[in-house]
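# Generate coordinates for the sequence data below:
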Amino acid sequence: MGLIMYKKIEMAFDKTINNYCRILNAYYPAHNNAGFTERNLTHNFVKSLESTLGDNSIYWLEAPLSLERNSHLDAVVFCQDSKTSFLIEAKRLSNLPKKIEEIKSDIERMRLSYHHQVLEDGLKFKIENRYAIVISDVWLETEAKKSAYHSWPNCVHDSDTIWSKKGGFSSLETDEIWKNNYHILIAALQI
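So this is what the prediction gives:
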């Protein structure tokens, strides 16, 4: 199951990059600053993952993790066919090293069985496989951000069981220099 799901995650990531290219060729949504909101990254990736998994998948944004603490995930995707859940957090790698520590914490939160119980409460099928996914974007404008980019995913998880990929935008139809500085990163771990 693991290799098949990592391939589906990769396909969804590639769709996300292609969709961003389509959008950014027509519209540059950051006016006078370097940044797009995490919400757009979450939404675009989740829609790509849902379409990759097929009709028997559903997603929810801002999914609850703990009822007592009012904590949540950016998104969760459930696939009925494979009985798999994908727990998703998105981060802009802007305020380093704080964001790196937040990602590490997010990965640990996604691993807690109590959180799985809360997420899956009310689900009409049993989950047998779970994946923690972190999707991030980074602008390579400082040495710290370049370092995080080059050490991805080891900067957020010190295990060789984590799958990762990087995507860039140098092929965009613009001459603006930002297209070489903007990147999207993903890391996934079966939990």
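
# Distance-wise, check the residue nearest to Pro29 when sequence neighbours are not counted relative to Asn95.
Excluding the flanking residues, the one nearest Pro29 by C-beta to C-beta, 6 or more residues apart in numbering is Phe36, at 6.1 Å. The way it works is simple: take the backbone N, C-alpha and C, and place the C-beta from them, glycine included. When distance is defined by C-beta to C-beta, to the nearest Å, Phe36 is 15 Å away from Asn95.

# So for the two, which residue has more residues nearby?
Phe36 (20 against 11; other C-beta atoms under 10 Å).

# Now Tyr131: which helix or strand?
In the assignment (DSSP states H and E), Tyr131 maps to strand 129-139.

# Can I get that strand in PDB? Just the C-alpha atoms.
Written as PDB, here are the backbone C-alpha positions of strand 129-139 (Å, rounded to 0.1, in the frame of the first residue of the first chain):
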ATOM      1  CA  ASN A 129      -3.700   3.600   6.700                       C
ATOM      2  CA  ARG A 130      -2.700   7.100   7.600                       C
ATOM      3  CA  TYR A 131      -0.200   9.600   6.100                       C
ATOM      4  CA  ALA A 132       1.100  12.800   7.500                       C
ATOM      5  CA  ILE A 133       1.700  15.400   4.800                       C
ATOM      6  CA  VAL A 134       3.400  18.800   5.100                       C
ATOM      7  CA  ILE A 135       3.300  21.000   2.100                       C
ATOM      8  CA  SER A 136       5.300  24.300   2.200                       C
ATOM      9  CA  ASP A 137       6.300  27.100   0.000                       C
ATOM     10  CA  VAL A 138       9.500  29.100   0.300                       C
ATOM     11  CA  TRP A 139      11.000  32.100  -1.300                       C
END
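
# strand partners of that strand, parallel vs antiparallel please.
Using DSSP bridges, the strands paired with strand 129-139 are strand 84-92 (parallel), strand 182-190 (antiparallel).

# For these, could you give me TSV that also reports distance to Lys8, mean pLDDT and mean neighbour count?
Shown next, in TSV, are these (distance: least, C-beta to C-beta, whole Å; pLDDT from 0 to 100; neighbours: other C-beta atoms under 10 Å):
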stretch	distance to Lys8	mean pLDDT	mean neighbour count
strand 84-92	9	97	24
strand 182-190	10	97	22
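
# out of those strands, which comes closest to Leu119?
Nearest to Leu119, of all the strands paired with strand 129-139, is strand 84-92, at 6.8 Å by C-beta to C-beta.

# Summarise which helices and strands whichever helix or strand comes after the closest one is packed against.
Under the assignment DSSP H and E, the closest C-terminal helix or strand after strand 84-92 is helix 98-111. On a contact count with 3 or more C-beta pairs under 8 Å, 6 or more residues apart in numbering; DSSP states H and E, helix 98-111 meets strand 84-92, strand 129-139.

# circling back: Pro29 is nearest to which of the strands paired with strand 129-139?
Among these, the nearest to Pro29 by C-beta to C-beta is strand 182-190 (11.8 Å).

# Any chance you could list what contacts that closest one?
2, 5-6, 9, 13, 16-17, 20, 34, 41, 45, 93, 107, 129-140, 149, 152-153, 156-157, 159, 161-169 (C-beta atoms under 8 Å, 6 or more residues apart in numbering).
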